[in-house]
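Student: Structure for the following, please:
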Amino acid sequence: MQRYFSEVKKDNLFLLKADDLYHIKTVMRMSVNDEIEVVYQENLYICKLNRDYNAVIERIIKSPKIKKREYVLCVPILQEQKMSFILQKATELGVDLIIPILTNRSMIKIEGKENKKIERWCRICKEASEQAKRLTIPKISAIKKISDLNLTGLKIVCSTQEKNNTLKKVLKNNLKYDKIIMVFGPEGGLTLEEEQTLVNLGFIPTSLGDNVLRTETVPLYLLSVLNYEME
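Tutor: Take a look at the predicted model:
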């Protein structure tokens with residue numbers, strides 16, 4: 001059953017966004033009385049479509065609120081194809097917050113396009129959340145500089161310089177944290193100056209092993225390991 005998110009509830013029905021209505025009518029070719037899932041305020045509803053393609057509530061499926069660790073991924077600005085891939089897969093793997101970051105080795109210039117980029121990235125995360133049957137959509141922050149990442153929690157920076165401090169060791173020694181923040185670099189990695197800035201902010205230089213991973217592989221590796229080790 002197809003899942004959608006709604007922000008507007010009126011009496012016993014939900015209003016859906018124009019993009020969702022287009023998907024329902026044109027892509028899925030749904031008809032009146034077809035059932036869909038609607039997520040509203042982190043609760044799941046089974047609904048039927050009326051003649052106006054609004055979602056009429058049939059029943060609610062209460063979802064237990066399970067407190068879990070919050071995963072924050074700091075993603076360097078990349079070309080659209082790689083950025084889209086990372087956003088999709090990170091959403092599927094449970095990321096909660098994505099912080100786009102400016103790095104010295106990123107070749108992508110987005111001056112004057114920031115709002116349009118973030119709007120597109122939010123749409124990608126929403127669609128990935130629907131596909132993955134999530135009850136939440138990852139938030140995407142404003143674009144930040146590395147020096148702005150003064151956050152609280154377990155802070156990890158993926159380092160090609162570090163050899164001994166593995167991800168497994170870092171997680172084993174820091175089980176108490178409810179929030180884990182991860183930073184990785186673009187192609188070519190972070191510069192030594194950028195890595196040192198992060199270390200000064202409390203980030204732990206962390207090795208992901210002997211193999212040098214592609215930029216788009218790193219967040220998949222990180223989140224997969226976290227899901228295995230921490231959940």
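
Student: any idea of the mean pLDDT in the host helix or strand of C47?
Tutor: Counting by DSSP states H and E, the secondary-structure element that holds C47 is strand 43-49. Computed over strand 43-49, the mean pLDDT rounds to 94.

Student: Can you tell me the element S129 falls in?
Tutor: When elements are assigned from DSSP H and E, S129 belongs to helix 114-131.

Student: helices or strands next to that helix in the packing?
Tutor: strand 3-5, helix 80-92, strand 97-102, strand 139-140 (3 or more Cβ pairs under 8 Å, 6 or more residues apart in numbering; DSSP states H and E). Bear in mind the C-beta positions are built from the backbone N, C-alpha and C, glycine included.

Student: Could you rerun that using 10 Å?
Tutor: Helix 114-131 sits against strand 3-5, helix 18-22, strand 35-40, helix 80-92, strand 97-102, strand 139-140, with contacts defined as 3 or more Cβ pairs under 10 Å, 6 or more residues apart in numbering; DSSP states H and E.

Student: buried stuff in that helix?
Tutor: Buried residues in helix 114-131, defined by neighbour count with 16 or more other Cβ atoms under 10 Å: K117, I118, R120, W121, C122, I124, C125, K126, E127, A128, S129, E130.

Student: Just want the angle from that helix to strand 35-40.
Tutor: Regarding helix 114-131 and strand 35-40, their directions subtend 130 degrees when assessed with axes from the mean of the first three to the mean of the last three Cα atoms, to 10 degrees.

Student: and the angle for helix 114-131 with helix 80-92?
Tutor: Computed by the same axes, to 10 degrees, the angle separating helix 114-131 from helix 80-92 equals 40 degrees.

Student: Can you tell me what sits against helix 114-131?
Tutor: 2-5, 17, 19-20, 23, 37, 39, 75, 77, 80, 83-93, 95, 98, 100, 108, 110, 113, 134-143 (Cβ atoms under 10 Å, 6 or more residues apart in numbering).

Student: where in the chain is pLDDT low?
Tutor: 64-65, 67 (pLDDT under 70).

Student: follow-up on the earlier one: so which two of the buried residues of helix 114-131 are the farthest from each other?
Tutor: The largest separation in the buried residues of helix 114-131, counting by Cβ to Cβ, is between K117 and E130 at 20.9 Å.

Student: coming back round to it: what's the closest of the buried residues of helix 114-131 to Y71?
Tutor: Set against Y71, the nearest of the buried residues of helix 114-131 by Cβ to Cβ is C125 (13.2 Å).
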